[in-house]
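S.K.: Sequence and predicted structure, then a few things I'm wondering about:
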Amino acid sequence: MLASIHTPHVDWFAISPSLTLLGGSAVCLMAAVLLRPRDRRWFSAWVTGGAFIGAFVVAALLYDRSPHPQGAIANAIVRDRFGALAALIICGSGLASVGVSWRLRLKAHTAEYYALLAAAAAGMCFLVTATNLITLFLSLEWFSICLYILCAIDVDIEGSLEAGLKYLVVGGFGSAFLLFGSALVYGSTGQVGFADIAHSVAANGLRHDSLLVAGLAMILAGLGFKASAAPFHMWTPDVYEGAPTPVTGFMAAATKTTALVLTLRLMTTAFPAEKQLWTVALAVIVCASLAIGNLGALAQRNVKRMLAYSSISHAGFMLMPIAAGNALGGRALLYYLIPYSAMSIASFAVVAARERELGTAVTFDNIAGLGWERPFLGAALWACMLGFAGLPLTGGFVGKFYAFSAVYDRGWVWLVIVGAAATAVSLYYYFGLVRALYMRAPAPLGLAPAGGQPPRELALQTAVLGCLVVTVGSFFAVEPLIKLARMAASSLGY
Amino acid sequence: MANGWITDTLILLPLGGAIFIALAPLARLAAGLVALAVSLVEIAFWGGALNAFDYHSGASVQLQDTTTWFGELGISYHVGFTGFAIWLVGLAAIVMTAAIAYAVWVGRERARAYFASMLLLTAAIVGVFAAQDYLLFYVFWEAMLIPLYVLVGVWGGPGRLRATLMFFIYTMAGSLLMLASIIVLGISHHSFDMVGPGGFSNSNWIFLGFVAAFVVKAPLFPFHAWLPDAYREAPPEVAGVLSGVVSKAAAYGFLYVAILHFPDPARHFRTPILVLAAIGLVYGSLLAFRASDFRGVMAYSSLAQLGLITFGLFATNLAGFNGAVLQMVNHGLISAAMFMLAGLIELRAGTGKFDRLGGMAKGRPALATVLMTLGIIALAVPGSSAFAGEFMILTGVFTSGWAWSVIGAIAIVLAAMYMLRLISAVLHRSRGVAVTDEARDLRLPELAVLVPLLACLIFLSAWPAAVTDHTFGQSSGTPGLARLVSTNTYSTASGNHVIVLNSPNLMVSH
């Protein structure tokens, strides 16, 4: 009986990053049951950290051993450098997030927290290799469900529950969009594989098929939800604010990486014929994200909310190279994601450290003086703000430069100007935070930590240091990183 | 390429010093002394660069070094100096040293952060003068802003937050337009190198993007709204650096980037820029005359002087260029010394307001002598280096139209008015309420900061040709500018061959 079912050949190596993370996740879940409560935290943190390191290493091997893209598991996924590089970024972000999470105080479910973190990253690593709409949807749900729970895991905080629920509802909405769009595309072309869709469109002259175009639009909207690009961003500030800060950092870095990388893959492999359409659509989304993200951030006093709006505006900046739709854009996106992820994690890590010190939400007022009290964390946050603002000596500068160059290469000088204007606006709030760090006197606020030394957070500081090295290092080591990005983007035909 | 290491050292030495001071657990005085030592070594290396430089071909880029940065877009770490850049590097090194010495004497709080920022600023300024790649130029240009933001924002006066915000938003808005121009230029030419043929263009839009950054940073009228606050609220030595050196980066940008790399657009927009410069010159001088405090006079005189320098540059002939470069050095030294003197007076009297000062000459001979000498040089008394510079600028701009020279000459009269008013308000008249007997004369360490700057000015007064004859390399048979001219012809090959530097004006030079 069983023998008659045709099972595809499985390239285990191609999915090894996901498998490693899932293995770590399973061990953590067992620890949640088998270990004494006080041992659960350190054990599961170490296991998850180890799993991320392992996944990082196999992703690196995968990158090295996959110079030519090849379909795996009946063409449900593809084994290529593009996916491997994205997995590297996701695993790096995950590893740093484990460091940031080390001192996270949860009443219960600590082991489950780490298990979910690893499982979410596994789903993301799987998603970035997806080459058909079914795999896409399944792995999207896979990591989304993990994140819904992670957002709400701190059940003692009302905000956390609210964040989880909000993310669940809005995320479900986004998924529905994506699924409906996929159905329309299938209805139009009769295919679910990305390359097959493109072939079918070319063969049957479906370029202007209204079903296909509607499907494409809905898929873009669904991905826009995940990338928190405007106008699909409404959930971002509330969820970022409410979720436990290490989770926020992980979401800002890894979820965005996943969504953007997948957008690039999907658009270039499945819809090359509609390029004129989706590049313009993305350019509109870019403008909306830049406008809403930057103007929204101007009004924020809560640092996490400000960073949430900043992440919306960065969705805009990083969609720019995708909208450019050229080879330079592919490289620009992959390069930009590296310092961006590092800066996101590091900035939320510093916020997390301050939060634990004060026991309250971090605002522009009570972060005052952090730069002098804790020089390392202050300097790190400063470097991240410089990076977000796209100033030199950080990879954020090169990333923005590449993104603008790609757009200019496409012939859209106007979008370069829009980007420059958005950057100019963003300086106000990024440097507003630097101003709070160094130039405001903390004394009158009377917010000194309750007693004694602030807690030493070696794991968090190591994570921040790592992110800082990536942020600054990527400015100097442009050449090797761009080479990585170029070889990865060449899997997409660039 | 042989001596390229000197250029690298001039950039990396202060950078390394900054990192060392930021990381090493030094006491306040130790941090300051390390910074001072680093900046003195920087001056020594600048001496080495002066020595290694070939002035016969002064307008060509020398002491070059190149390392690929990101090759696929043709961007490299390419540094080197032109004959005029090297003098501005010297200005930067000397003024930064004086400013650091001043800060050591005054004893700045949070010393490590302060001195690390000062050295980082030195590295960035030298980098701006050395960069031969557009993106590298932009990187150093922006890198100047980061330490300046902190220096003004942390150690400045009570209104510092507003001042930094204005300064920052204005300059960044200009810079981002420059970035857009750089992208357009570099991507369409497949090279970001300034020296090669791809570095030249005759696009008006690209030119205007660069000019936007320079007019704000200089500043020229009407982009000077950030200036009075920034110069008043910054710590005095930082105000001196801002007015003395950072503004020169903008003037250098006008000369090296805007005029020499975009000859056609520069010619095209010459009159509008000259008009702005003329307004700034007269308006700034009048404001300086009406300013109610020491630093206000210096701030607005800086606006006026930058107008005058821009005058010389956009005369677009050799006399104008030479005068402008000399005047950049003069004004840098004068302005830095004046701001530090203002700081020392504020330390003594607690204010820089003229209505509370006065009569300080009595019993304070050193203070009176230094201020008097600086003032006399600043108002361009014949025989002073400022006179040489301003005279050459007026000669240069005269060939563009006599009316420009008249405006310039009027402004020089106005300069005499505001300088003499400043001198008499501080030194003479009846004793001001803020001037007590405890306000002592300048002390030896303070003189050690100011007198070297004054000595440089007196040296240049005696021998202005030290700068003017060693800048564009005209002493040999071939005008040194010919090298730049020959590179310029690449860009204008598209037809219009009238090149700014080939104009007959060039021959009028010396």
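M.R.: Good, I have the coordinates. Numbering: from 1, shown residues only, chains lettered A, B, ... in the order given.
S.K.: Only C-alpha atoms from now on, for both contacts and neighbour counts.
M.R.: OK.
S.K.: how about the longest helix belonging to chain B: buried residues?
M.R.: The helix that spans the most residues within chain B, counting by DSSP state H, is helix B:318-349. For helix B:318-349, burial by neighbour count (16 or more other Cα atoms under 10 Å in any protein chain shown) applies to B:318-346, B:348-349.
S.K.: go on, stretch A:393-412?
M.R.: Here stretch A:393-412 shows A:393-410 as buried, counting by 16+ other Cα under 10 Å.
S.K.: of those, list those near chain B.
M.R.: For chain B, the contacts drawn from the buried residues of stretch A:393-412 by Cα under 8 Å from any Cα of the partner chain are A:Leu393, A:Phe401, A:Phe404, A:Ser405, A:Tyr408, A:Asp409.
S.K.: I'd like to know which of those residues are part of helices.
M.R.: A:Phe401, A:Phe404, A:Ser405, A:Tyr408, A:Asp409.
S.K.: Could you report the neighbour count for the nearest residue to the third one once chain neighbours are set aside?
M.R.: Residue nearest to A:Ser405 in three dimensions, not counting chain neighbours: B:Ile183, with 6.0 Å by Cα to Cα, 6 or more residues apart in numbering or on different chains. B:Ile183: 25 surrounding residues under other Cα atoms under 10 Å in any protein chain shown.
S.K.: So B:Ile183 sits against A:Ala403, correct?
M.R.: No - shown here, B:Ile183 and A:Ala403 do not form a contact pair, counting by Cα atoms under 8 Å, at 10.4 Å.
S.K.: Report the buried residues of stretch B:136-149.
M.R.: Neighbour-count burial for stretch B:136-149, counted by 16+ other Cα under 10 Å, picks out B:136-149.
S.K.: Next SSE downstream of the host helix or strand of A:Glu357?
M.R.: Per DSSP states H and E, A:Glu357 falls inside helix A:327-358. Moving toward the C-terminus from helix A:327-358, the next helix or strand (DSSP H and E) is helix A:370-373.
S.K.: what are the ranges of the strands in the chain?
M.R.: Picked chain A for this. A:70-72, A:77-79 (DSSP state E).
S.K.: please go with chain B instead
M.R.: Using DSSP E, strands in chain B cover B:62-70, B:75-81.
S.K.: Looking at those, which one is packed in the most?
M.R.: For the strands of chain B, ranked by mean neighbour count under the definition mean count of other Cα atoms under 10 Å in any protein chain shown, the leader is strand B:75-81 at a mean of 23.
S.K.: which other residues reach it?
M.R.: B:4, B:7-8, B:61-70, B:127, B:129-133, B:135-136, B:191-193 (Cα atoms under 8 Å, 6 or more residues apart in numbering or on different chains).
S.K.: Now B:Leu12: closest residue in space that isn't a chain neighbour?
M.R.: Nearest one to B:Leu12, counting by Cα to Cα, 6+ apart, is B:Ala123 at 6.8 Å.
S.K.: ok, that neighbour touching B:Thr9?
M.R.: No - between B:Ala123 and B:Thr9 there is no contact under Cα under 8 Å: 9.7 Å.
S.K.: Looking at these two, which one has more neighbours?
M.R.: Using other Cα under 10 Å as the criterion, B:Ala123 and B:Thr9 rank with B:Ala123 on top: 27 against 16.
S.K.: OK, contacts around that one?
M.R.: B:Leu10, B:Ile11, B:Leu12, B:Leu13, B:Pro14, B:Leu15.
S.K.: In TSV: those residues, plus pLDDT, neighbour count and distance to B:Ala403.
M.R.: Shown next, in TSV, are these (pLDDT from 0 to 100; neighbours: other Cα atoms under 10 Å in any protein chain shown; distance: Cα to Cα, whole Å):
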residue	pLDDT	neighbour count	distance to B:Ala403
B:Leu10	94	25	42
B:Ile11	95	22	42
B:Leu12	95	19	46
B:Leu13	96	19	47
B:Pro14	96	25	45
B:Leu15	95	22	46
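S.K.: hang on, the earlier thing: overlap between the contacts of strand B:75-81 and the residues near chain A?
M.R.: B:Trp69, B:Phe70.
S.K.: What number of residues are in the vicinity of the residue nearest to B:Arg108 when sequence neighbours are not counted?
M.R.: Among residues not flanking B:Arg108 along the chain, B:Tyr114 sits closest, at 7.3 Å (Cα to Cα, 6+ apart). B:Tyr114: 26 surrounding residues under other Cα under 10 Å.
S.K.: Kindly state the pLDDT recorded for B:Tyr114?
M.R.: B:Tyr114 carries a pLDDT value of 95.
S.K.: again with the one 5 residues further on
M.R.: With respect to pLDDT, B:Leu119 has a value of 96.
S.K.: Now for it, how many residues are close by?
M.R.: Neighbours of B:Leu119 (other Cα under 10 Å): 27.
S.K.: Against B:Val126, how distant is it?
M.R.: Using Cα to Cα, to the nearest Å, B:Leu119 is found at 11 Å from B:Val126.
S.K.: what does A:Leu95 give?
M.R.: For A:Leu95, the distance to B:Val126 - Cα to Cα - is 40 Å.
S.K.: which one of these two has more residues nearby?
M.R.: Taking neighbours as other Cα under 10 Å, A:Leu95 and B:Val126 compare with B:Val126 leading, 29 against 25.
S.K.: returning to that earlier point: residues touching the residue nearest to A:Ser405, list them.
M.R.: A:Phe401, A:Phe404, A:Ser405, A:Tyr408.
S.K.: I'd like those residues as TSV, with pLDDT appended.
M.R.: As requested, the contacts of B:Ile183 are exported to TSV (pLDDT from 0 to 100):
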residue	pLDDT
A:Phe401	93
A:Phe404	94
A:Ser405	93
A:Tyr408	92
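S.K.: contacting residues for the nearest residue to B:Ala93 once chain neighbours are set aside?
M.R.: In this structure, B:Ala93 finds its nearest non-sequential neighbour in B:Ile43, 5.7 Å apart by Cα to Cα, 6+ apart. By Cα under 8 Å, 6+ apart, B:Ile43 lies in contact with B:Gly90, B:Ala93, B:Ile94.
S.K.: Could you point out the member of these that lies closest to A:Tyr114?
M.R.: Using Cα to Cα, B:Ala93 comes nearest to A:Tyr114 of the contacts of B:Ile43, at 54.0 Å.
S.K.: so where is the stretch 401-510 of chain B shaky, pLDDT-wise?
M.R.: The stretch 401-510 of chain B contains residues with pLDDT under 70 at B:473-510.
S.K.: Would you map the helices across it?
M.R.: Using DSSP state H, counting those that start in this stretch, the helices found in the stretch 401-510 of chain B span residues B:402-427, B:444-462, B:465-468, B:481-491, B:505-508.
S.K.: These: which one's closest to chain A?
M.R.: Closest to chain A of the helices of the stretch 401-510 of chain B is helix B:481-491 (Cα to the nearest Cα; 21.1 Å).
S.K.: Where does the stretch 201-350 of chain A get nearest to chain B, which residue?
M.R.: A:Leu328 (9.8 Å).
S.K.: who's in contact with that residue?
M.R.: A:Leu328 makes contact with A:Pro321, A:Tyr402, A:Ser405, A:Ala406, A:Asp409, according to Cα under 8 Å, 6+ apart.
S.K.: rerun that using 6 Å as the cut-off
M.R.: A:Ala406 (Cα atoms under 6 Å, 6 or more residues apart in numbering or on different chains).
S.K.: What does the pLDDT read for it?
M.R.: Reported pLDDT for A:Leu328: 91.
S.K.: how near is it to A:Ala176?
M.R.: From A:Leu328 to A:Ala176 the distance is 32 Å (Cα to Cα).
S.K.: Now B:Trp205. Nearest residue, chain neighbours left out?
M.R.: B:Ser181 is the one closest to B:Trp205 (Cα to Cα, 6+ apart), at 7.5 Å.
S.K.: All set now, cheers.
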